[in-house]
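A.B. asks: model this:
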Amino acid sequence: MKLVIEGRAGRRICDWESFALLRDNAQHYIEGGAPSGRFAAMHEIERAVDEGERIVDASRLRGEVLRAWSALWKVPLKEAAISLRTRAIMTGSAEPPACRGTVPAEQVGWPLPVPGPTTCPVPRAAQSFIRAILSLTPAVVDGEQLRITCLMRRQATRHQARELRVRS
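C.D. replies: Here you go, the predicted model:
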C-alpha cells in the first residue's frame, strides 16, 4: 500500500509499511504497547487504511516523527515490534483486532512490514515515511494540515503512473 501525503509544501508518496513500522514501534517502546495521546497524529493516519483519507495537524505530526526517530534510533529490527492492527492488515483480515496492542515480532514469529538486516535501526528502515513527512514540513506553522490518503496496491500503481505522466 502507499500513502499519499499532501500539504502546503507539496505532495509525497511513501510506503504504508514504513509508516506502520515507525508507528508500531513508537506505540510499543514509547507508549507502553497501547495508543496514547503522545502520538495522536500517527495513530490518526492508521485510520486512513479503513476510511481512505485523514487530515492531520502537520506540526504535531512532524514533532511525533522527530520524537519517534530520536527515541527508536537504537532499536534494531531484531527487536522491533508489530501491532495487532498491522498484522491484521498484512494478513488481509477483513476485521480489525478486538484489542489494540503490540508484540515483539521475532518473539511471535511474525514478519515485520519492512524487511531488512536485523541490525538496521527502526528509523532507517522507516525512512520512506520519515523523509516524506520531514520534506513536507520543514517550515510548518501552527494550524497547517496534511491530507493523508491510503491507496491500496492496485490504486497506488495507477496513481504513480498518472503522477509520472503529469511530471513528463
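A.B. asks: Can you tell me the element the closest residue to residue 142 other than its chain neighbours falls in?
C.D. replies: Distance criterion C-beta to C-beta, 6 or more residues apart in numbering; nearest residue to residue 142, sequence neighbours excluded, is residue 59 at 5.7 Å. (Each C-beta comes from the backbone N, C-alpha and C, glycine too.) Element membership for residue 59, per DSSP states H and E: helix 58-72.
A.B. asks: could you say what helices and strands that helix packs with?
C.D. replies: With contacts defined as 3 or more C-beta pairs under 8 Å, 6 or more residues apart in numbering; DSSP states H and E, helix 58-72 has these neighbours: helix 16-25, helix 40-46, helix 122-125, helix 127-136, strand 145-151.
A.B. asks: What are the buried residues along that helix?
C.D. replies: 58-62, 64-65, 68-69, 72 (16 or more other C-beta atoms under 10 Å).
A.B. asks: Same question for stretch 74-81.
C.D. replies: Quick answer for stretch 74-81 (16+ other C-beta under 10 Å): 75-77, 79-81.
A.B. asks: ok so, going back, between the helices and strands packed on helix 58-72, which one is closest to residue 85.
C.D. replies: Closest to residue 85 of the helices and strands packed on helix 58-72 is helix 40-46 (C-beta to C-beta; 6.5 Å).
A.B. asks: could you point out which element follows the closest one?
C.D. replies: Using DSSP H and E, the next helix or strand after helix 40-46 towards the C-terminus is helix 48-51.
A.B. asks: count of neighbours near residue 109?
C.D. replies: Neighbour count of residue 109, defined by other C-beta atoms under 10 Å: 6.
A.B. asks: sorry, back to before: please render the helices and strands packed on helix 58-72 as a markdown table that adds mean neighbour count to the earlier fields.
C.D. replies: Shown next, in a markdown table, are those (neighbours: other C-beta atoms under 10 Å):
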| stretch | mean neighbour count |
| --- | --- |
| helix 16-25 | 27 |
| helix 40-46 | 20 |
| helix 122-125 | 23 |
| helix 127-136 | 20 |
| strand 145-151 | 20 |
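A.B. asks: TSV for these, including distance to residue 100 and mean pLDDT?
C.D. replies: As requested, the helices and strands packed on helix 58-72 are arranged in TSV below (distance: least, C-beta to C-beta, whole Å; pLDDT from 0 to 100):
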stretch	distance to residue 100	mean pLDDT
helix 16-25	11	97
helix 40-46	9	94
helix 122-125	19	97
helix 127-136	20	97
strand 145-151	19	96
